[in-house]
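Chemist: Provided below for reference: sequence and predicted model.
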Amino acid sequence: MLTQEGRVTLEDIADLNQLKSELNSLPAVDVGDYITDLPGERRAIAFRLLNKAQAIDVFEYLPQEVQEELIGSLQDTHVCQIMEAMRPDDRAELFDELPAGVVKRLVQQLSPAERQATATILGYPEGTAGRVMTTEYVRLREGLTVGEALSKIRLSDQDKETIYYAYVTDNNRKLVQVVSLRQLLFSIPDALIRDVASDRVIKAYTEMPQEEVARLMQRYDLIALPVVDREDRLVGIVTIDDVIDILEEEATEDIQRLAGVSSGDEEALSSPWVTIQNRLPWLLGVMALYIGAASAIAPFQTVISQVPVLAVIMPIFSNTGGTVAIQAVTVTIRGLSVGEVTPLDTLKILRKEILAALGTASVLGLTLFLLSFIWTTPGSRWVGIIAGLVMAINVFVAVILGTLLPMGIKRLKLDPAMMSGPLLTTTLDAVGFVIFLSLISLSLNVFGLKAH
């Protein structure tokens, strides 16, 4: 019995047989969402009502924390069946999150073949092609005919993650060709695979960073990418569903770093304690940066007391420069992430940004100067002139740094997203305030200008 929203509710169903029928008739992804939304003590009840095939499919759609919870509440036999049926890459990802003792117990219960497949994937560094690949793929020998190849695919399609591409290897398992199912279906059965398959093989190496794998598949519109070791031996494939997960993961990490949020805080509905744990270290770090910026202002307290209008101008000055910096950093990191630009394009990008910075800085500097007329008297218009000048300088520097810093970090083979927004904006604030207040102090003490 379903609610109007299409969900089954345990409270409304007295007959568990009806609930079982409902859950087993729904798509696995919808059942996964339903179980995830249940209170913790009821998830295991609903999951036990699924038949074996449905339970295996549903398990892979559950968040990792729910998977871990179910592993602890289900009988070992049930857990073993699910672990055995999971794809090797998904199983390896889950094992990464489980306690070592639990992983050891689960690995011992796997069949030798699945144990070896999982160990192979876990043997590669995190964030590489080897760690996200699956060992379930269709491999064909060079000497097969098209008919023999199709027969092999028919026998193996239940075990492989995708059958739309088959990979041709020599006797040493070296990858030599690739052939699509479409090519096989429209070829003469007696034709040899080597005459049908393509020699132009796009491949990844096991140590290749996962974001480069995703970019390679995106560039060539592939739904699967073969992964080879250093000797060009085929060891696995990366499929399009893994690439979607990689892109989401990379985008999440970039956004978190730019916003100064700790990894692990991506769940909007996570518990308050988890949110505090993930955010508090960053917030304390940002507070330390702001204390540093405030320390740069401290020697100018007398100047600020002599020119009260600075209390109005400085927040505008600070927020505008920081926003400009974040805009430049975000655009540059996005271009680097999607492969639109590389560090080799630094000079080309810099020329464009310098022209944009000159225009932006001029307009914003002039705007702040004109706004200062609202708060200053005719005798203190010079404060607005200095404010507008420093605003223009700060905006120009913000644009240049927002472009050059990510490019430089990328050239060092590091993640440009590590250029945190709070770090950049606070640095610009400190430098800008020192320049601004120094010029104001110079005008008061050396040139004898008045602030009234």
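Modeler: Structure received.
Chemist: residue closest to the middle of this protein?
Modeler: Nearest to the mean C-alpha position of the chain, by CA atoms, centre = their mean, lies Glu250 at 1.8 Å.
Chemist: following the helix or strand where Leu371 lies, which helix or strand comes up?
Modeler: Per DSSP states H and E, Leu371 falls inside helix 346-375. Counting by DSSP H and E, the element after helix 346-375 in chain order, helix or strand, is helix 381-411.
Chemist: helices or strands next to the helix or strand that that following helix is followed by in the packing?
Modeler: Next along the chain after helix 381-411, taking DSSP H and E as the criterion, comes helix 421-445. If you count contacts as 3 or more CB pairs under 8 Å, 6 or more residues apart in numbering; DSSP states H and E, helix 421-445 packs onto helix 272-297, helix 301-306, helix 310-337, helix 381-411. (Glycine included, C-beta is placed from N, CA and C.)
Chemist: now Leu225, what's its secondary structure?
Modeler: Under DSSP: H, G, I helix; E, B strand; the rest coil, Leu225 falls in the strand class.
Chemist: sorry, back to before: the helices and strands packed on helix 421-445: which one's closest to Val213?
Modeler: Val213 sits nearest to helix 310-337 of all the helices and strands packed on helix 421-445, at 13.8 Å, using CB to CB.
Chemist: just want the angle from the closest one to helix 421-445.
Modeler: 140 degrees (axes from the mean of the first three to the mean of the last three CA atoms, to 10 degrees).
Chemist: neighbours around Gln67, how many?
Modeler: Per other CB atoms under 10 Å, the neighbour tally for Gln67 reads 20.
Chemist: and the nearest residue to Met208 once chain neighbours are set aside, what is it in contact with?
Modeler: With CB to CB, 6 or more residues apart in numbering as the criterion, Met208 has its nearest non-adjacent residue at 4.6 Å, and that residue is Ala129. Going by CB atoms under 8 Å, 6 or more residues apart in numbering, Ala129 touches 204-210, 213, 227, 238.
Chemist: which pLDDT value belongs to Ala129?
Modeler: pLDDT recorded at Ala129 is 93.
Chemist: give me the below-cutoff pLDDT ranges for the stretch 301-450 of the chain.
Modeler: Scanning the stretch 301-450 of the chain for pLDDT under 70 picks out the ranges 338, 415, 417-421, 446-450.
Chemist: ok so, going back, can you add distance to Ala55 and give the helices and strands packed on helix 421-445 back as CSV?
Modeler: Output for the helices and strands packed on helix 421-445, formatted as CSV (distance: least, CB to CB, whole Å):
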stretch, distance to Ala55
helix 272-297, 28
helix 301-306, 67
helix 310-337, 37
helix 381-411, 44
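Chemist: who wins for proximity to Ile223 among those?
Modeler: Ile223 sits nearest to helix 310-337 of all those, at 21.6 Å, using CB to CB.
Chemist: between helix 272-297 and the closest one, find me the angle.
Modeler: 120 degrees.
Chemist: buried ones in helix 310-337, by neighbour count?
Modeler: By neighbour count with 16 or more other CB atoms under 10 Å, helix 310-337 contains the buried residues 310, 313-314, 316-318, 320-322, 324-326, 328-337.
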